[in-house]
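S.K.: Provided below for reference: sequence and predicted model.
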Amino acid sequence: MARSRSDKLYIVYQLTCQPTGERYIGKCIRRKTATLKSLKQRWNEHVRSATQDIERTSGWLLSQAIREHGATAFSHDVIELVPKRDVSTREAELINNSRCELNTKKVRS
């Protein structure tokens with residue numbers, strides 16, 4: 001079995017709903033050196049969940065916004081690249097200290 005590498009970089013990203021200005025902060029793994037491609041794959045997963053798994057995502061604010069405004073209404077921005085060991089803490093800090101209306105709940109660092 002392959003071991004998990006602690007030196008892998010993760011992407012902390014922000015999604016912004018252009019019509020409302022509401023934001024979402026999340027994290028995803030950076031695959032190889034393709035930061036933007038990795039973020040696009042994660043975005044596609046958000047859209048797929050919002051549009052194909054409506055019952056499971058009915059209470060998720062991001063999914064509701066995707067269904068209401070459409071996928072093309074969102075911008076996607078890389079905030080920073082963070083080592084695996086720090087990514088959850090950094091994501092939590094940004095969510096808890098920012099105006100992130102589309103994050104369903106605050107997270108603990």
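M.R.: Perfect, thanks for sending it. Numbering: from 1, shown residues only.
S.K.: low pLDDT regions in the chain?
M.R.: 1-7, 106-109 (pLDDT under 70).
S.K.: In it, which residue is most central in space?
M.R.: With distances taken as C-alpha atoms, centre = their mean, Gly26 lies nearest the centre of the chain, 2.9 Å away.
S.K.: That one belongs to a strand?
M.R.: Yes. According to DSSP: H, G, I helix; E, B strand; the rest coil, the state of Gly26 is that of a strand.
S.K.: quick one: the helices in the chain?
M.R.: Counting by DSSP state H, the chain has these helices, from start to end: 35-52, 61-69, 84-97.
S.K.: What helices and strands are in contact with the shortest one?
M.R.: Applying 3 or more C-beta pairs under 8 Å, 6 or more residues apart in numbering; DSSP states H and E, one finds that helix 61-69 makes contact with strand 9-17, helix 35-52. In this view, the C-beta of every residue, glycine as well, is placed from N, C-alpha and C.
S.K.: Redo those as CSV? Include distance to Leu102 and mean neighbour count.
M.R.: As requested, those are exported to CSV (distance: least, C-beta to C-beta, whole Å; neighbours: other C-beta atoms under 10 Å):
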stretch, distance to Leu102, mean neighbour count
strand 9-17, 7, 20
helix 35-52, 10, 15
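S.K.: Leu81 - how many residues pack around it?
M.R.: A total of 12 residues lie near Leu81 under the criterion other C-beta atoms under 10 Å.
S.K.: ok, it touching Arg30?
M.R.: Yes. Here Leu81 lies in contact with Arg30, judged by C-beta atoms under 8 Å, at a distance of 6.3 Å.
S.K.: Thank you kindly, that will do.
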